[in-house]
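# quick one, fold the following:
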Amino acid sequence: MRGLYVDGAWADPHGGTLDVLDPTTEESIGAVALGDAGDVDRAVRAAARAFPGWSRTPERERLGHVREIGRLIGLHLDELTELIVADLGMPRAMARDAQVAAPAQIFTMAADLAEGFSAPSPVPGAAADTLVVREPAGVVGAITPWNFPLQEIAAKTAPALAVGCTVVVKPSEIVPMAALRLAELIDAAGLPPGVFNLVPGTGPVAGAALAAHPLVDMVSFTGSTVTGALVAEAAGRGVKKVALEMGGKSPCVLLDDAPLETAVPDTVMNAFFNSGQTCNALTRLLVPRARLPEAEKLAVAAAESNVVGDPRDAETTLGPLVSRRQLERVLGYVRRGGGRLITGDRALPERGFFAAPAVFTEVPPDAVLATEEIFGPVLCLQAYEGEDEAVALAGASPYGLSAAVWSADRERASRVARRIRAGQVHINGAGFDLGAPFGGFRQSGHGREGGRYGLEEFTQPKALLGGVVT
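Modelled structure (predicted):
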């Protein structure tokens, strides 16, 4: 068992340990250390000591370390993939691309985009000798989720390190193995002690201590809206900068001219990706009422085409949920219902935390299936009359993380997309873009990750009045 990575070395935790279960077999695959408030304090103080030196490190040297992390992840692609499969239960081919290759790309992209990022620049509308520079926010407390254990660490750590911040990561204690291995790779990349620190632990103990620590300058959180509100409250007492990426109940709007034979299977695949354990999953399919029967048939066929089983099998497209607790949560929503269940009853493996992919139709806008984030393979079909009702229905949830629009007319789809309050809107099946800003409106949070916007999130602008370019 690895403990904590603090100040450039591995250390024993003050807290206890937790067994880590393979969600496919329900067997233990190891144990993770549970750091406490004292462990968090050690890590934050190490990061605070390291910040002055790291923030002043020459850009070329600093970005060289960030690129090296990306290179090392790429070299250990297969090893990290197997850890994700065992830890999370995601099918191997999907895990390799989405869970490991993407984080390697994020580190490389952050280094590339950060070149010259902090150079002084003129300010439009200001005096000719007024310049602005972007300075690192300081010590960053990063609290990351279990559903994308490496990608979310990368999305926070890569840009923070690239712009000169130091970082303390509190990864999920449920899916910790890949995060611990990443810490070993970051150690091998040769960063100065204290620049990167990893403290596994529970949210109420380690996460709360990190958000509230007086030496943390910024908190970046990804997780549930309920927990995010608690993090924001704890951080707010210290007047810290806070970035929150939280839940979603994302709609996919099929306009009346949409190619349903393409759009519906694409939406089902998106909704069930990672067994539905994705914050931006398109879990509400909005269909013109006249085309609802056609969409129902296509959705059932797409859902039932999924192969549910061992994520190590090449044919599997839908692995288990992450834990028994998550399985019971999802099954509770399915049993509670709302609308009409048209598929979701099939034989499943005897062991493991498996849920059958479920599709409900004619789901009322106020049903819990349509308003609450389920985080499992459950899709809701909702009918509408007219474009205005479709837009209103798309916004009939407390979230605003992601959305999609399909139409034979791309300009029409883009016009409708502009009317939907969501951080990202995918038009006609456009895929995820690591360089695009990712984040939400309303209860989906605030702040952005990805590309240049991710770099800006970990900086503060400073005005130099009467300055000169140096």
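# show me what contacts the most centrally placed residue in the chain?
The chain has Glu152 as the residue nearest its centroid, 5.1 Å off, counting by Cα atoms, centre = their mean. For Glu152, the contacting residues are Thr144, Pro145, Thr222, by Cβ atoms under 8 Å, 6 or more residues apart in numbering. From N, CA and C alone the C-beta is placed, and that goes for glycine too.
# wait, which of these is closest to Ala243?
Closest approach to Ala243 among the contacts of Glu152 (Cβ to Cβ): Thr222, at 8.9 Å.
# quick one: the helices in the stretch 251-400 of the chain?
260-272, 292-304, 324-336, 368-371, 387-394 (DSSP state H, counting those that start in this stretch).
# among these, which is nearest Val32?
Across these, closest to Val32 is helix 324-336 (Cβ to Cβ), at 16.4 Å.
# for the closest one, which outside residues touch it?
With contact meaning Cβ under 8 Å, 6+ apart, helix 324-336 is reached by 26, 276-277, 320-321, 341, 344, 353-355, 358, 368-369, 372, 374-378.
# what residues sit buried inside it?
Gln326, Leu327, Val330, Leu331, Tyr333, Val334 (16 or more other Cβ atoms under 10 Å).
# got the CA coordinates for that helix in PDB?
C-alpha atoms of helix 324-336 as PDB (Å, rounded to 0.1, in the frame of the first residue of the first chain):
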ATOM      1  CA  ARG A 324     -22.600  -1.400  -4.400                       C
ATOM      2  CA  ARG A 325     -23.700   1.900  -3.000                       C
ATOM      3  CA  GLN A 326     -23.800   3.400  -6.500                       C
ATOM      4  CA  LEU A 327     -25.700   0.300  -7.800                       C
ATOM      5  CA  GLU A 328     -28.300   0.600  -5.100                       C
ATOM      6  CA  ARG A 329     -28.700   4.300  -5.900                       C
ATOM      7  CA  VAL A 330     -29.300   3.700  -9.600                       C
ATOM      8  CA  LEU A 331     -31.700   0.800  -9.000                       C
ATOM      9  CA  GLY A 332     -33.600   2.900  -6.500                       C
ATOM     10  CA  TYR A 333     -34.300   5.500  -9.300                       C
ATOM     11  CA  VAL A 334     -35.300   2.700 -11.700                       C
ATOM     12  CA  ARG A 335     -37.700   1.200  -9.200                       C
ATOM     13  CA  ARG A 336     -39.200   4.600  -8.400                       C
END
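# what mean pLDDT does it have?
What helix 324-336 shows for mean pLDDT is 94.
# moving C-terminal of the lowest-mean-pLDDT helix or strand in the chain, what's the next helix or strand?
One helix or strand of the chain scores below all others by mean pLDDT, DSSP states H and E: strand 121-122, with a mean of 86. Using DSSP states H and E, the helix or strand that follows strand 121-122 in sequence is strand 130-136.
# next SSE after that next one?
Remark: after strand 130-136, the chain's next helix or strand is strand 139-143, criterion DSSP H and E.
# counting contacts, what elements does that following strand pack onto?
Judged by 3 or more Cβ pairs under 8 Å, 6 or more residues apart in numbering; DSSP states H and E, the packing partners of strand 139-143 are helix 37-55, helix 151-163, strand 166-170, helix 208-212, strand 218-222.
# can you tell me the strand partners of it and which way each runs?
Strand pairing for strand 139-143, using DSSP bridges, gives strand 166-170 (parallel), strand 218-222 (parallel).
# re earlier: for the helices of the stretch 251-400 of the chain, which one sits closest to Pro122?
Closest to Pro122 of the helices of the stretch 251-400 of the chain, according to Cβ to Cβ: helix 387-394, at 39.7 Å.
# ok, and for the closest one, which residues are buried?
Of all the residues in helix 387-394, those buried under the rule 16+ other Cβ under 10 Å are Glu387, Ala390, Val391, Leu393, Ala394.
# buried residues in stretch 366-379?
In stretch 366-379, counting by 16+ other Cβ under 10 Å, buried: Ala367, Leu369, Ala370, Thr371, Glu373, Ile374, Phe375, Gly376, Pro377, Val378, Leu379.
# if I pick the nearest residue to the first one once chain neighbours are set aside, what's in contact with it?
Counting by Cβ to Cβ, 6 or more residues apart in numbering, Gly338 is the residue found nearest to Ala367 once chain neighbours are left out, at 3.2 Å. By Cβ under 8 Å, 6+ apart, the contact set of Gly338 is Phe360, Val363, Pro364, Ala367, Val368, Leu369, Ala370, Cys380.
# would you mind confirming that the fourth one makes contact with Gly339?
Right, the one you point to is Ala367. Yes. With contacts counted by Cβ atoms under 8 Å, Ala367 reaches Gly339, the gap being 6.3 Å.
# okay, and the common contacts of the two?
Common neighbours of Ala367 and Gly339 (Cβ under 8 Å, 6+ apart) are Cys380.
# circling back to that earlier point, pick the one among the contacts of Glu152 closest to Ala178.
Of the contacts of Glu152, the one sitting nearest to Ala178 (Cβ to Cβ) turns out to be Thr144, at 11.1 Å.
# doesn't Ile69 belong to a helix?
Yes. Counting by DSSP: H, G, I helix; E, B strand; the rest coil, Ile69 is found in a helix.
# can you list the low-confidence ranges for the stretch 201-350 of the chain?
The stretch 201-350 of the chain contains no residues with pLDDT under 70.
# quick one, domains of this protein?
For the chain, the structural domains run 4-246, 251-433, going by automatic domain parsing.
# any stretches of the stretch 1-150 of the chain with poor pLDDT?
Along the stretch 1-150 of the chain, the parts satisfying pLDDT under 70 run over 1.
# hmm, back to that, in JSON lines, list the strands paired with strand 139-143 along with distance to Gly125 and mean neighbour count.
JSON lines is the format used below for the strands paired with strand 139-143 (distance: least, Cβ to Cβ, whole Å; neighbours: other Cβ atoms under 10 Å):
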{"stretch": "strand 166-170", "distance to Gly125": "34", "mean neighbour count": "28"}
{"stretch": "strand 218-222", "distance to Gly125": "28", "mean neighbour count": "27"}
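# next, format the ones you listed as TSV and append distance to Ala46.
Putting the strands paired with strand 139-143 into TSV (distance: least, Cβ to Cβ, whole Å) gives the following:
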stretch	distance to Ala46
strand 166-170	8
strand 218-222	17
